[in-house]
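**Student:** Sequence and predicted structure, then a few things I'm wondering about:
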Amino acid sequence: MTTSQPVEIRISAPGKVILHGEHAVVYGKAAIAATLNLRSHLTLKTRLDSMIQLELPDVNINEEFSVAALQEGLQSIDCGSVHDPIPASEEVISLIKKFAGIDIENNETRMLAIVAFLFIYYGIFKEKRELPAISVYIKSDLPVGAGLGSSAAFSVSLAAAILQFAGYIDSIKEAEGASTWSTSDKRKINNWAFLGEKVIHGRPSGIDNSISTYGGALRMQNGEITQLDKMPTLSVLLVNTKVPRSTMTLVAGVRQKYNLYPDVMEPIINAVEAITKRTEDLFKFSADTMSPDDVKTLGDLIDLNQNLLNAMGVGHPTLDRIVAAAKKHGFYSKLTGAGGGGCAFVLIPPDTSDSHLQYFNQDLNDQGFDVRWKTTVGGQGVLREL
Ligand SMILES: Nc1ncnc2c1ncn2[C@@H]1O[C@H](COP(=O)(O)OP(=O)(O)O)[C@@H](O)[C@H]1O
Ligand SMILES: C[C@@](O)(CCOP(=O)(O)O)CC(=O)O
Ligand SMILES: [Mg+2]
């Protein structure tokens, strides 16, 4: 790391759609997710003064800290070593909040972005001779707090930028305009990003940061990730309810229900897992362009899962309206991510005509929904933009 030469590092990391298995994956059940072609973009620059700046226009945050004050204020926090980091404890989170001037009782999720940044910054740089003066700017294509994994894209881009700047990972040129990293470097990025997710989510499964790091489409079970052997081309429409919600609160709500009624909740999450597995089998044997029969099966599974998510208590009347509108037009839809509002996806069968899609789009717009994107899923994970 050299601070004498001006350095600029630009990183982008994608959001995701969880096809099946949200919440159940927190209990070690299988889930499948794929990247979206919507990304968070980070720029890290060296500064000539001795300040650290964090500019996050999406959540209206622009903070500055002096390097000396940060060195002194955070020196007692325990975050393990760069190569073997440990999660931020409650005490560490409180200490960072106090340092950043955030009320300990302030549970606004957006403020946790500052805590996650300071934890990752200090944890990675603390073994260096001196802490660097840098500015970090992050802007996302993703709606924040809507189930599309903006928190993971945030933590992944941050971990990649800081590890790269500190010289702990080394990007390799992949194509014109972008670089990537070796699998072992990606593992380092993912480990630190997971700790950022922990600050923001409480008890994440790790699926969001893993998909944002590695890209493509993957399955997670019991903390183990594997790339999906096969996934047909899927086209989805993302519909944002614009109902705000926090992943941390929703995950905690399901946990509370699970603790109170384990005998009821266990069969529900097992049924979700059965849906995930049926979907994987379907993908294994379907052609790249799914047949109408396969689309119908996938649709039924989407419908079943949506009902189970409602039973877990993570639905919302606005999501129900989107599902009903989709059904009226012959489509299938479910929430994605933590639910409680946020986004739903609608599966768009390959043979859907543009006029049919436009008619559906118009119906959703007339009902006041924000139909943001028709997108294909599965694409590059974290990248260094050149
Ligand atoms: N672009 C961003 N800028 C700043 N903070 C972000 C950004 N994206 C995500 N975050 C952090 O993640 C939180 C939202 O995470 P979460 O509730 O898990 O929703 P989701 O991951 O589904 O978008 C924000 O409140 C903020 O702390
Ligand atoms: C509900 C959950 O399965 C996914 C949360 O995703 P998001 O933050 O709502 O995008 C939680 C997790 O897996 O950590
Ligand atoms: Mg999240």
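**Tutor:** Perfect, I can see it now. Ligands and ions are numbered 1, 2, ... in the order given.
**Student:** Output the set of residues of the stretch 51-200 of the chain in proximity to ligand 3.
**Tutor:** Among all residues of the stretch 51-200 of the chain, those adjacent to ligand 3 (criterion: C-beta under 5 Å from the ion) are Ser151. Any C-beta I mention is one placed from the backbone N, CA and C, and that applies to glycine too.
**Student:** tell me the helices in the stretch 51-200 of the chain, going along the chain?
**Tutor:** Counting by DSSP state H, counting those that start in this stretch, the stretch 51-200 of the chain has helices at residues 67-74, 90-100, 112-125, 150-166, 183-201.
**Student:** which other residues reach the next helix or strand after the last one?
**Tutor:** I take that to be helix 183-201. Once the chain leaves helix 183-201, the next helix or strand it forms, by DSSP states H and E, is helix 207-214. In this structure, residues lying in contact with helix 207-214 by C-beta atoms under 8 Å, 6 or more residues apart in numbering are 13-16, 18, 21, 25, 31, 33-35, 149, 151-153, 155-156, 186, 189-190, 193-194, 196-197, 217-218, 220, 225, 227, 381-382.
**Student:** mind redoing it with 7 Å?
**Tutor:** 13-14, 16, 18, 25, 31, 33-35, 149, 152-153, 155-156, 186, 189-190, 193-194, 197, 218, 220, 225, 381-382 (C-beta atoms under 7 Å, 6 or more residues apart in numbering).
**Student:** That helix vs helix 183-201, what angle?
**Tutor:** 150 degrees (axes from the mean of the first three to the mean of the last three C-alpha atoms, to 10 degrees).
**Student:** Is helix 207-214 positioned near ligand 2?
**Tutor:** Yes - counting by C-beta under 6 Å from any ligand atom, ligand 2 has neighbours in helix 207-214: 207-208.
**Student:** what about Leu70, how many neighbours?
**Tutor:** By the other C-beta atoms under 10 Å criterion, the neighbourhood of Leu70 contains 21 residues.
**Student:** right, and it touches Leu131 too?
**Tutor:** Yes - the pair Leu70 / Leu131 is scored as a contact, 6.4 Å apart, by C-beta atoms under 7 Å.
**Student:** for ligand 1, what are the nearby residues on this structure?
**Tutor:** Contact residues (C-beta under 6 Å from any ligand atom) of the chain with ligand 1: 40, 56, 58-59, 109-110, 112-113, 138, 140, 144-151, 154, 200-201, 246-247, 337.
**Student:** Looking at those, which are in strands?
**Tutor:** Residues from those lying in strands, with DSSP state E as the criterion: 40, 56, 138, 140.
**Student:** between these, which has the most around it?
**Tutor:** Looking at these with neighbours defined as other C-beta under 10 Å, the largest count falls to Ser40 at 28 neighbours.
**Student:** quick one, what contacts it?
**Tutor:** When contacts are counted by C-beta under 7 Å, 6+ apart, Ser40 is found next to 12-13, 138, 140, 142, 150, 153-154, 157.
**Student:** Export the ones in strands among the residues of the chain next to ligand 1 as CSV, with columns for pLDDT and distance to Leu309.
**Tutor:** As requested, these are exported to CSV (pLDDT from 0 to 100; distance: C-beta to C-beta, whole Å):
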residue, pLDDT, distance to Leu309
Ser40, 98, 25
Leu56, 98, 30
Ile138, 98, 30
Ser140, 98, 25
